[in-house]
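Enquirer: sequence unknown, structure follows:
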């Protein structure tokens, strides 16, 4: 190691690294003492209804992550989401039948402060997954359903993280 050859003890190197991380604004989102605060901020978010069956699935995933104890009675924020999905076939065999499909879901979201009706954050989350098209129609439908749930779960995780980071930074900066 370079610092040992030059006589710099490992403890000093670790101290310098830690100081460098704190100077760059590094702040963990789910630090033990801040976890309850982040959860409390997320608990004030009402998740608006999302159209279609896929929207209902995404809504339920978000409820599990954001409002684990149920929708707030007096929410401070509204999370509105517009969801789109596209499907394309990829793998083909000699008779031109598809053997692989790709499912892409895109969610555009807006976090609005209910008191002022002011949009605080807008964003977009996207997830793509693929599944096999098999001889059995039931097998293909089951694979497509599983792929859809995976994309929606990833989107819900991504939106939850983005909203939590935003609310945490607003609170830390003295915002809302």
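Expert: Received the coordinates, thanks. From a predicted model like this one, the values you see are computed outputs, not experimental measurements.
Enquirer: so how far is residue 92 from residue 141?
Expert: 20 Å (CB to CB, to the nearest Å). (Each C-beta comes from the backbone N, C-alpha and C, glycine too.)
Enquirer: no no, residue 72
Expert: Residue 72 is 50 Å from residue 92, by CB to CB.
Enquirer: Between these two, which has more neighbouring residues?
Expert: Neighbours were counted for residue 72 and for residue 92 using other CB atoms under 10 Å; residue 72 has more, 16 against 11.
Enquirer: Could you pull up the contacting residues of the residue nearest the centre of the chain?
Expert: Nearest to the mean C-alpha position of the chain, counting by CA atoms, centre = their mean, stands residue 158 at 0.9 Å. Residues near residue 158 by CB atoms under 8 Å, 6 or more residues apart in numbering: 125, 127.
Enquirer: Then it would be within a strand, right?
Expert: No: assessed with DSSP: H, G, I helix; E, B strand; the rest coil, residue 158 is helix; it does not lie in a strand.
Enquirer: Now do it, the pLDDT please.
Expert: Looking at residue 158, its pLDDT is 96.
Enquirer: roughly how far apart are it and residue 127?
Expert: 8 Å.
Enquirer: repeat for residue 162
Expert: Relative to residue 127, and taking CB to CB, residue 162 is found at 13 Å.
Enquirer: between those two, which one's more packed in?
Expert: residue 127 (20 against 16).
Enquirer: Okay, and that one sits in which element?
Expert: Using DSSP states H and E, residue 127 sits in strand 118-132.
Enquirer: Which secondary structure elements does that strand sit against?
Expert: strand 100-113, helix 137-172 (3 or more CB pairs under 8 Å, 6 or more residues apart in numbering; DSSP states H and E).
Enquirer: Tell me the buried residues in the first one?
Expert: Just to be clear, that refers to strand 100-113. 101, 103, 105-107, 109, 111-113 (16 or more other CB atoms under 10 Å).
Enquirer: Next: the longest one.
Expert: Counting neighbours by 16+ other CB under 10 Å, one finds that the buried residues in helix 137-172 are 140, 143-144, 147-148, 151-156, 158-160, 162-164, 166-168.
Enquirer: Could you give the separation between the terminal residues of stretch 93-101?
Expert: From its first residue to its last, stretch 93-101 covers 13 Å (CA to CA, to the nearest Å).
Enquirer: Unless I misread the structure, residue 56 falls within a helix.
Expert: Yes: counting by three-state DSSP, residue 56 falls inside a helix.
Enquirer: quick check: angle from the strand holding residue 127 to strand 100-113?
Expert: 170 degrees (axes from the mean of the first three to the mean of the last three CA atoms, to 10 degrees).
Enquirer: Distance from strand 118-132 to the middle of the chain?
Expert: 8 Å (CA atoms, centre = their mean, to the nearest Å).
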